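Engineer: Sequence unavailable; structure follows:
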């Protein structure tokens, strides 16, 4: 395989347009639309440098227990390159993503700034080191937060190492309130924050919003969901961390209560507890459907068919399920361990979201039951979800990235003058 793969000709750029090298582990379905939008915007010239081919070809996802082949274009519409080691890297684990060639590629590209996803992969650290050595400003984007429980030892290690790493970055593309709290905890000042939410395939979900009535009817017919059923949708891996059992336990509690007989659950995904949950649902005749893994080209239809989203995860920094559900117009019912909740984030308590204590099945059942019984509140929260998404959509992401790059480049250009 040749080292460089471009899907569009490298456009000529004016000297005033900064070149941004984006270093990322592999093509990711949620980020490809962002790269295209940044390219189309034109105020920054992006070149995406991939450490591996993972995602381009079908692969087995251990967490989902499924062969995955993304039914979407991951590489079209933006300039990109795969590093020479890409064929050998088949995992996104921190120590596995290690591309010694990143320094040579960055030197070849000669960017004005470098955007790096996090700091825990070796290739990311190599890119950061190259940036520092060559006095090119580095920017970071990640979804780190403080909600995840950490051991005393982990807190001690992070407290002594993370501040020194974060000092090396000129700017941060922040994805939400909890993300900004994380950076503050480790000494980053707000002047280096530029809100740039993680993106979704926005065109697909906006189309689902526009066609929701027709999609709702078609998908409900496919899954034999009655017109009057109130559906709580969960999307994700059926794993211990995602607490898929809590969905089934809440369904059992609500069925026993009997207050909302038309309520049902749609648990989309696959994983380690799939067989167990399938047997439990069948044995107890619970109002839960388990359709298995749903690919991205069909997922928007599930949101259109649902009435609310339920996300009970015990650890989820900033799941894009929240953005997808909000774009279509669903109320959000989420665990307090989900890092997407905040006054200026996608999930806003009391506006479009109900936040419950993680693992509290009674609280989950109460929240779902309350929304199921109150049509007007459900509609108002769904409408608010759409408004909030429109505040934090692709335009916000691109604008934040452009501002961050221009800030970092401007600061880097001023430093030599100050020193002189």
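Structural biologist: The structure has been received and is ready for your questions. Because the structure is predicted, anything quoted here is derived from the model rather than measured.

Engineer: list the contacts for the closest residue to residue 274 other than its chain neighbours?
Structural biologist: Distances taken as Cβ to Cβ, 6 or more residues apart in numbering place residue 238 nearest to residue 274, at 4.8 Å, with adjacent residues excluded. All C-beta spots, glycine's among them, are computed from the backbone N, C-alpha and C. Listed by Cβ atoms under 8 Å, 6 or more residues apart in numbering, the contact partners of residue 238 are 244, 267, 269, 270, 271, 272, 273, 274, 277, 290.

Engineer: A helix includes residue 238, no?
Structural biologist: No: under DSSP: H, G, I helix; E, B strand; the rest coil, residue 238 falls outside any helix and is assigned coil.

Engineer: So what does it have for phi and psi?
Structural biologist: Dihedral angles of residue 238 (phi, psi; degrees, to the nearest 10) stand at phi -90, psi 80.

Engineer: now it: how far from residue 320?
Structural biologist: 18 Å (Cβ to Cβ, to the nearest Å).

Engineer: cool, residue 302 as well?
Structural biologist: 14 Å.

Engineer: neighbour count winner among those two?
Structural biologist: residue 302 (24 against 20; other Cβ atoms under 10 Å).

Engineer: and that one, what is it in contact with?
Structural biologist: 219, 233, 235, 266, 268, 294.

Engineer: Just the local confidence number for it, please.
Structural biologist: Looking at residue 302, its pLDDT is 97.

Engineer: buried sites along the helix or strand it falls within?
Structural biologist: Here residue 302, judged by DSSP states H and E, is contained in helix 296-305. Judged by neighbour count using 16 or more other Cβ atoms under 10 Å, the buried positions of helix 296-305 are 296, 299, 300, 301, 302, 303, 304, 305.

Engineer: just the strands in the stretch 101-250 of the chain please.
Structural biologist: 113-117, 138-141, 171-174, 193-195, 230-235 (DSSP state E, counting those that start in this stretch).

Engineer: what's the offset of the first one from the middle of its chain?
Structural biologist: Relative to the chain's own centre, strand 113-117 is displaced by 17 Å; criterion: Cα atoms, centre = their mean, to the nearest Å.

Engineer: cool, stretch 114-130 as well?
Structural biologist: The chain centre lies 19 Å from the centre of stretch 114-130; the measure is Cα atoms, centre = their mean.

Engineer: circling back: what pLDDT is listed against the residue nearest to residue 274?
Structural biologist: pLDDT, residue 238: 95.

Engineer: next one: residue 55
Structural biologist: Residue 55 carries a pLDDT value of 83.

Engineer: What count of nearby residues applies to it?
Structural biologist: 20.

Engineer: check contacts around it.
Structural biologist: Residue 55 sits next to 26, 27, 28, 29, 70, 74 when contact means Cβ under 8 Å, 6+ apart.

Engineer: circling back to that earlier point, closest one to residue 164 among the strands of the stretch 101-250 of the chain?
Structural biologist: strand 138-141 (13.8 Å; Cβ to Cβ).

Engineer: The closest one - what's its average pLDDT?
Structural biologist: 98.

Engineer: which strands and helices sit next to that strand?
Structural biologist: With contacts taken as 3 or more Cβ pairs under 8 Å, 6 or more residues apart in numbering; DSSP states H and E, strand 138-141 sits against strand 113-117, helix 122-133, strand 171-174, helix 394-419.

Engineer: and if we set it to 6 Å?
Structural biologist: Under the contact criterion of 3 or more Cβ pairs under 6 Å, 6 or more residues apart in numbering; DSSP states H and E, strand 138-141 touches strand 113-117, strand 171-174.
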